[in-house]
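Trainee: What would the 3D arrangement of this be:
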Amino acid sequence: MLKVNKKVEYALMALKFMAQKESDDLTSAREICDHFKTPFDTTAKVMQIMNSGNILNSVKGIKGGYSISIDLSKVSYLALTKMIEGKELGSICQTSKGICDLVHQCNIANPMFNLGEKLNNFLDSLSIQELLFGEEFCISKETTTEKYRQING
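Mentor: Okay, here's the model as predicted:
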């Protein structure tokens, strides 16, 4: 299963929240935190990163906040993840200490490399717009809760 970093989740939550508002409405990091109960410092940092990456515009001041500055169909999930995490995605055979010690004897190293390539290609072709609002990804909250219970007992 693909593990999604919490910062990336907060970015996606914020983008979907802002995209569902009127286009000229500004959204503060505090508003996102209050709505989703996310940690302020992390959420604010994610918003700043997206502002630096030209996904968001920021307006300073008491009535300031953020707005989406780019068509979300032009931003891939992979690009957003790289922006938020500040690094390339690791390969499947990579550990926190580097390449897996078994890679030279492993009989599935090539298939795993191919899997990693296919996943990266898919994530690079998946736009944020499609991920957040595409019909093929739309499932109800009840379905999500039920699937979570089935998986986690």
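
Trainee: And stretch 37-54, what's buried?
Mentor: Under the neighbour-count criterion of 16 or more other CB atoms under 10 Å, stretch 37-54 has 38, 43-44, 46-47, 49-50, 53 buried. To be clear about C-beta, it is placed using only N, CA and C from the backbone, and glycine gets the same treatment.

Trainee: Go through those and name the one nearest G65.
Mentor: Of all the buried residues of stretch 37-54, M47 has the smallest distance to G65: 9.1 Å, by CB to CB.

Trainee: so the closest one makes contact with Y66?
Mentor: Yes: M47 is within contact range of Y66, at 5.6 Å (criterion: CB atoms under 8 Å).

Trainee: what touches both of the two?
Mentor: 14, 29, 56, 58 (CB atoms under 8 Å, 6 or more residues apart in numbering).

Trainee: Can you tell me which of these has the most neighbours?
Mentor: When neighbours are counted by other CB atoms under 10 Å, A14 leads those with 26 neighbours.
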